[in-house]
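Chemist: quick one: sequence plus predicted model below, questions after.
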Amino acid sequence: MKWWLIGCLIIVGCDEGNSISAISNIKFTEVQTEIASTVCGADDPTQILEVNGTGLALFDFDNDNDLDLFVVNAASLDDFTSGPGCRLYENNSTTNEIVFSDVTEHAKIQISTWANGVAIGDVDGDGNEDIYITCHGPNVLLMNNGDGTFRDTTGSARVGDQGWGTSAAFGDLDGDGDLDLYVCNYLVFNPLSPPARARYKSQSVLGGPHGMIPQADVVYENLGDGTFQDVTTQWGFATTPSFALNVAILDFTGDGFVDVFVGNDSMSNKFYVNTDDSKTAFTEIGLHTGVAINGDGAMQATMGIAIADVNGNQRPDIFTTNFSSDTNTLHLNDVSGFFDDRTMKYRLGLSSRSMLGWSCGFHDFDLDGDEDLLIVNGHVYPEATSETMDSERAQPMSLFERDSRGFSKHKDDSSSTVFQPHRDRAAVFGDVDNDGDTDVIINQRGGAVRVLRNDAEHTNTLTIHLHGNQQNPRGLGASIHVLLNDGSILSRWNHDGSGFQSSASTPITVAVGERTPEQITVAWPDGTSQVMKIVPAQGTFIIQQLKPTASQQ
Amino acid sequence: MFLKTPNLLSCLFASLLIASGCDHNKPPQPTLHPDLETHFILISEGNSGSARVRLRQHMDTHGESAQPLFLMGLSYHKEKRYIKAVQWFEKSAQFDVPTTQYPPTWHFLGWSQYYLGNATASHEAFNHYLMLNPNEGDSLFGLGLLAMEEGNFEEASKLFQQSIDVQQDLPKGQAKSKARLADIREQQGNFSEALQLYREALDLDPDLYEAWYHLATTYKREGMEEECNAALEMYSVTRTRVRPDLHTTRFPE
């Protein structure tokens, strides 16, 4: 009798817990654009090089106050150097229509080799965003001339690493004001001698990364004269090579200086923190702080990274996407310096087991004052079906709305194309149509690039533009804390990296609704901070970094 | 009708379950028909394909019944192909009267559904099994995990404690539940009780590497650096010894 009762209670509790949110304010509409489809090897990949797809970047390359789009493109295994090429699209949207116009030729961008990812940063501090492209082979740095064109300075800048670059990110690692560069490398792959096929869930699948040789990541110091130097060893980043797929550079520890989180495939993640006043001595402490592995003590296959203050303690938490038949992982950043796996508590575990996740991002899609979570998914194996691998090759995106109990899966509107399954890899988030909400652009592995316009019902939003120092005009690495009149604090981080092989150097949007912002605190990556007590209730707010005082210098 | 399963078979069954991510240390109750022992051994040795061929032959000859259908499901469960496993377990579960049913079906159905992320179906299967076998600690453990997924710590604590209570003769089973109970206490900020529970879990099962890891992080929170480092070392050593596959570089299975 007693057991019957317990059983009934559990079933009731379960039904309630699994209910899909009945009321949802998140509304996306897929819109048609002129963005060309991408290529990443064959439609049915046979080699590991073909599975990761290619990245995207949202940034304002022409300084006209809208977000332009850079689309990375790979090639085919038959001819590594003659792909369709990376494309640059100028944002010509109107209030009624999202329009991207291909300006690649005009911009003098000619990258047709096998490219993977992209990082965006103003390398020379001239106010124009530059582009760093990771490739299988030498990476490429394109300097923005400020006139709508770019020039390749890879050789003179000395950043043409030869590895299999995946993700990369700019950040002021040494606190000297300019943007240094972290490049993730994956593994040694020779298309002429590819690895043997492997087995997964009793199925024959393409080989790797098991048995392949991981490549070391590379860290470049910006010397401020248009050149960089490799400081990987000098600064403490020369740890055991791993299958690195992603990186995020921001101040995780709250000491005022940026740290580096690296997501690795099938190996422990790494977490590098600054350990002395020189700001150039990094130590890897992933295992000691709990962020290297999940709560079950297991290494995972980290692809995507998303950063947000999920538990409201003003510290950046880390969400990572992982392989199918595993769960995505939410590590909460505790004030004690630990990252606790709280995936289950926030109800992000079971729902991800059938998905293979890639890019992800926390954004307040419905402008209700809290950050929701969007993940794009797709399996690496063309053989993947529910029957064979408990996971389909093409998968819908996962959208979670934040609620009082954690996150609830967004109700899937089957009449919409938004939740149709795809083989997605990259996604970038930003207000493409300048209407105050966050839109999404998604790149699948070889196929159409999709633009999802956010049709959220508008409320009071504050769009914050950071103007950093001359060498880091976008203030990459800064944290923003908005104090509202109800005492709550909304924290955001302006950083390069995360997503997956992508970059979104976009203004910070904060929905305040009926509340009133009373104060904004910005902690800049050089360790200085400033407080603004006169804050508009809505609209655009530009925060200019103050010059450091004599004592701060 | 059912003969006692040889001890060897029990050991194989336990190791099969552990390898499948289901650390269940009891032989199936009631035991398998002796005609199916070969099939079971094939599955436990990783020869699931061969086992399935023989199981189909068995069912062609003898007709479908709960036990061979269960073993078909188990062969896929062993391969971590849970959708296929569920299909066969559900067929086995259609034999649901005492004279024809094979109760462990519902336990494994619960785990397969759990690994597919189907919380409601997992609940139902575990609860069904507990109606048939109220002292099954591993089903209680599974329900505890589902309660944690719902953020219902109170319910999860009760279930893990019940799991501990009914597994007095199964130290590994107790240890898993104690470690989860410790995790809840840690999340509730009760670090001293968490430490105690992690220690108790590791006394019961020193191979529970994730408990070493959590013990280390809890020590760290309590400012016990030396103990933290020692526990981290134990975590690394134990994980390498117990799960050498975790140190290979591949997509996790």
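Modeler: Done, it's in. Residues are numbered from 1 along each chain as shown, chains lettered A, B, ... in the order given.
Chemist: for residue 171, grab phi and psi.
Modeler: With no chain named, the answer covers chain A. Backbone torsions of residue A:171, given as degrees, to the nearest 10, read phi -170, psi 150.
Chemist: look at chain B instead
Modeler: Per degrees, to the nearest 10, the backbone of residue B:171 is at phi -60, psi -40.
Chemist: kindly state the pLDDT recorded for the residue lying closest to it once chain neighbours are set aside?
Modeler: In space, and not counting its chain neighbours, residue B:171 is closest to residue B:204: 4.1 Å by CB to CB, 6 or more residues apart in numbering or on different chains. (Glycine included, C-beta is placed from N, CA and C.) Per-residue pLDDT puts residue B:204 at 98.
Chemist: wait, residue B:204 touches residue B:177, no?
Modeler: No. Residue B:204 lies out of contact with residue B:177 (CB atoms under 8 Å); the separation is 9.8 Å.
Chemist: the more surrounded of these two?
Modeler: Comparing residue B:204 with residue B:177 by other CB atoms under 10 Å in any protein chain shown, the one with more neighbours is residue B:177, at 26 against 21.
Chemist: ok, that one - contacts?
Modeler: Contact analysis of residue B:177 by CB atoms under 8 Å, 6 or more residues apart in numbering or on different chains lists B:137, B:140, B:141, B:144, B:160, B:161, B:163, B:164, B:167.
Chemist: the stretch 51-200 of chain A: strands as residue ranges?
Modeler: Assigned strands in the stretch 51-200 of chain A, in chain order: A:56-59, A:68-71, A:87-91, A:100-102, A:115-121, A:130-135, A:140-144, A:150-152, A:165-171, A:180-185, A:198-200 (criterion: DSSP state E, counting those that start in this stretch).
Chemist: in TSV, list the ones you listed along with distance to residue A:533.
Modeler: Putting the strands of the stretch 51-200 of chain A into TSV (distance: least, CB to CB, whole Å) gives the following:
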stretch	distance to residue A:533
strand A:56-59	31
strand A:68-71	34
strand A:87-91	34
strand A:100-102	39
strand A:115-121	30
strand A:130-135	35
strand A:140-144	35
strand A:150-152	41
strand A:165-171	29
strand A:180-185	33
strand A:198-200	57
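Chemist: what's across from the residue positioned nearest the centre of chain A in the sheet?
Modeler: The structure's chain A has its C-alpha centroid closest to residue A:499; by CA atoms, centre = their mean the separation is 1.8 Å. As for beta bridges, residue A:499 partners with residue A:305 under DSSP bridges.
Chemist: which ones are touching it?
Modeler: Listed by CB under 8 Å, 6+ apart, the contact set of residue A:499 reads A:55-56, A:246, A:304-306, A:359-361, A:426-429.
Chemist: now with 7 Å?
Modeler: By CB atoms under 7 Å, 6 or more residues apart in numbering or on different chains, the contact set of residue A:499 is A:304, A:359, A:361, A:426, A:427, A:428.
Chemist: so which of these wins on neighbours?
Modeler: Sorting the contacts of residue A:499 by how many neighbours each has (other CB under 10 Å) puts residue A:359 first, at 33 neighbours.
Chemist: could you find the closest non-adjacent residue to residue A:106?
Modeler: Excluding its sequence neighbours, the residue lying closest to residue A:106 (CB to CB, 6+ apart) is residue A:148, at 6.2 Å.
Chemist: ok, the one you found touching residue A:63?
Modeler: No. If you go by CB atoms under 7 Å, residue A:148 and residue A:63 don't touch, sitting 10.2 Å apart.
Chemist: compare those two (neighbour count), which wins?
Modeler: Counted by other CB under 10 Å, residue A:148 and residue A:63 do not tie: residue A:148 has more neighbours, with 15 against 11.
Chemist: so what pLDDT did the more buried one get?
Modeler: 98.
Chemist: residue A:459 too?
Modeler: The model reports residue A:459 with a pLDDT of 87.
Chemist: mind listing what it touches?
Modeler: A:367, A:511, A:513.
Chemist: can I get those residues in CSV including secondary structure?
Modeler: Listed next are the contacts of residue A:459 as CSV, based on DSSP: H, G, I helix; E, B strand; the rest coil:
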residue, secondary structure
A:367, coil
A:511, strand
A:513, coil
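Chemist: now, which of those residues sits nearest residue A:477?
Modeler: Residue A:477 has its nearest neighbour among those in residue A:511, at 23.6 Å by CB to CB.
Chemist: burial of the residue lying closest to that closest one once chain neighbours are set aside, as a residue count?
Modeler: Closest residue to residue A:511 in three dimensions, ignoring its sequence neighbours and counting by CB to CB, 6+ apart: residue A:367, at 3.9 Å. Neighbourhood size, residue A:367 [other CB under 10 Å]: 24.
Chemist: residues contacting residue A:367?
Modeler: Contact partners of residue A:367, counting by CB under 7 Å, 6+ apart, are A:437, A:456, A:458, A:459, A:461, A:511.
Chemist: kindly report the same for residue B:73.
Modeler: B:85, B:88, B:89, B:92, B:108.
Chemist: so the fourth one belongs to a helix, correct?
Modeler: Translated: residue B:92. Yes. Assessed by three-state DSSP, residue B:92 belongs to a helix.
Chemist: from residue A:390, how far out is it?
Modeler: Distance check for residue B:92 against residue A:390: by CB to CB, to the nearest Å, it reads 19 Å.
Chemist: over to the last one?
Modeler: With distances taken as CB to CB, residue B:108 is found 15 Å from residue A:390.
Chemist: residue A:433: which element?
Modeler: Residue A:433 belongs to no helix or strand when elements are defined using DSSP states H and E.
Chemist: thought it was touching residue A:98?
Modeler: Yes. Between residue A:433 and residue A:98 there is a contact at 5.3 Å, judged by CB under 7 Å.
Chemist: list the contacts for residue 115?
Modeler: All of this refers to chain A. The contact partners of residue A:115, by CB under 7 Å, 6+ apart, come to A:54, A:72, A:73, A:74, A:86, A:133, A:134, A:135.
Chemist: wait, chain B
Modeler: Going by CB under 7 Å, 6+ apart, residue B:115 touches A:325, A:353, B:82.
Chemist: most neighbours of all these, which one?
Modeler: Busiest of those [other CB under 10 Å] is residue B:82, holding 29 neighbours.
Chemist: which residue packs closest to that residue, ignoring adjacent ones?
Modeler: For residue B:82, ignoring the flanking residues on the chain, the nearest one in space by CB to CB, 6+ apart is residue B:112 at 4.3 Å.
Chemist: returning to that earlier point: please tell me how far the residue nearest to residue A:511 sits from residue A:431.
Modeler: Computed as CB to CB, the residue A:367 to residue A:431 distance reads 11 Å.
Chemist: ok, back up a step: closest to chain A out of the contacts of residue B:177?
Modeler: residue B:140 (9.3 Å; CB to the nearest CB).
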